[in-house]
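*Asks:* Sequence first, then the predicted structure:
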Amino acid sequence: MIRAFTLEWLKLKHYRVFWILFGLYLLAQLIITNGGIFFLEWLESKGADIEGISPTLLPIYDFPDIWHNSTWLGSYVKILISFIIIVSVNNELSYNTLRQNIIDGISKREFLLSKLSLILFLATVCTLVLFVSGLIAGFQYSHVLELKYVFADMEHLVAYFLQLVVFGLFAFSIAMVIKKAGFAIVLIFLYSIVFEPIITGILEFAPFTKDYTEGIVKFFPIYSIEKLCGKFYESPFAKYIFQEIKEGPLWFEWIIPIIWAFIYMTFITWVLNKRDLKA
């Protein structure tokens, strides 16, 4: 795995698109984690209040709430990670780099491991950045600083890491089928942001379908990934206006994305083995 990642790193370290996309993702994470206080101060300056409470008094940075809040928000920019995976894989396929690597003695297994190592690397770095920036913001703004609260609810970070890994494998699967990076990026964007949310929304909430299909939606690929950190309508911020919230993934909401990860891995391996690299 180390050798595979080293090979991947040598390809990417001078690739400008990789650094632009990765930089945008990390910047978005930092803004999400640390920009909330400035938004609340702006709301206060405009005279806004929430149920008679000044926005700046909302404990969104309090430990351990910050872990749930930041991972829920961070999950909305995971699409940028998928773009990195797609560009990396499609570059190999479009410019015959993969075929040349096979000729030079690098096996298909090593190619697969190199992309898996990239996905794990990106997920690890992004999770660590979210963790460190959360610590910094929390120690700066939290009213609760006892260590037992600082390091409570760490399962949200684990869920965030798993979400990035599984979504990265989903992007890898798409890239193995569609050779053009632009088409693959458009497809994954439309499917994850538009098509599946509309389908699952109808199945889950439409009066004429929900009695029959509400239990099916949890098996959809994007839906199951998003449930790890919470769907858009499961905002952790609702608790600050005294609404009941879902605190974390249920046991089966951990299992379903893992099953999808195995499905993606099986599919990627099958496509790789079937692909003709001689022409």
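*Replies:* Done, it's in.
*Asks:* what sits against Ile188?
*Replies:* If a contact means CB atoms under 8 Å, 6 or more residues apart in numbering, then Ile188 has Ile79, Ser82, Ile86, Phe170, Ala171, Ile174 as its contacts. All C-beta atoms are positioned from the backbone trio N, CA, C, and that covers glycine.
*Asks:* Tell me which stretches of the stretch 1-150 of the chain form helices.
*Replies:* Assigned by DSSP state H, counting those that start in this stretch, the stretch 1-150 of the chain shows helices spanning 2-12, 16-34, 36-45, 65-74, 79-94, 97-103, 108-141, 147-150.
*Asks:* In the first one, which residues are buried?
*Replies:* Read that as helix 2-12. Taking 16 or more other CB atoms under 10 Å as the neighbour-count basis, helix 2-12 is seen to contain the buried residues Ala4, Phe5, Leu7, Glu8, Lys11, Leu12.
*Asks:* Check the shortest one too.
*Replies:* When neighbours are counted by 16+ other CB under 10 Å, the buried residues of helix 147-150 are found to be Tyr149, Val150.
*Asks:* The helix or strand that that helix is followed by - contacts with which helices or strands?
*Replies:* Reading on from helix 147-150 to the C-terminus, the next helix or strand found by DSSP states H and E is helix 155-177. On a contact count with 3 or more CB pairs under 8 Å, 6 or more residues apart in numbering; DSSP states H and E, helix 155-177 meets helix 65-74, helix 79-94, helix 108-141, helix 181-190, helix 221-226, helix 251-274.
*Asks:* Of those, which stretch is the most buried?
*Replies:* Mean neighbour count (mean count of other CB atoms under 10 Å) peaks for helix 65-74 among the helices and strands packed on helix 155-177, with a mean of 25.
*Asks:* I'd like to check the angle between that one and helix 155-177, please.
*Replies:* Here helix 65-74 runs at an angle of 20 degrees relative to helix 155-177 (axes from the mean of the first three to the mean of the last three CA atoms, to 10 degrees).
*Asks:* rewinding a little: where among the helices of the stretch 1-150 of the chain is the average confidence lowest?
*Replies:* Set side by side, the helices of the stretch 1-150 of the chain show their lowest mean pLDDT on helix 97-103, which sits at a mean of 52.
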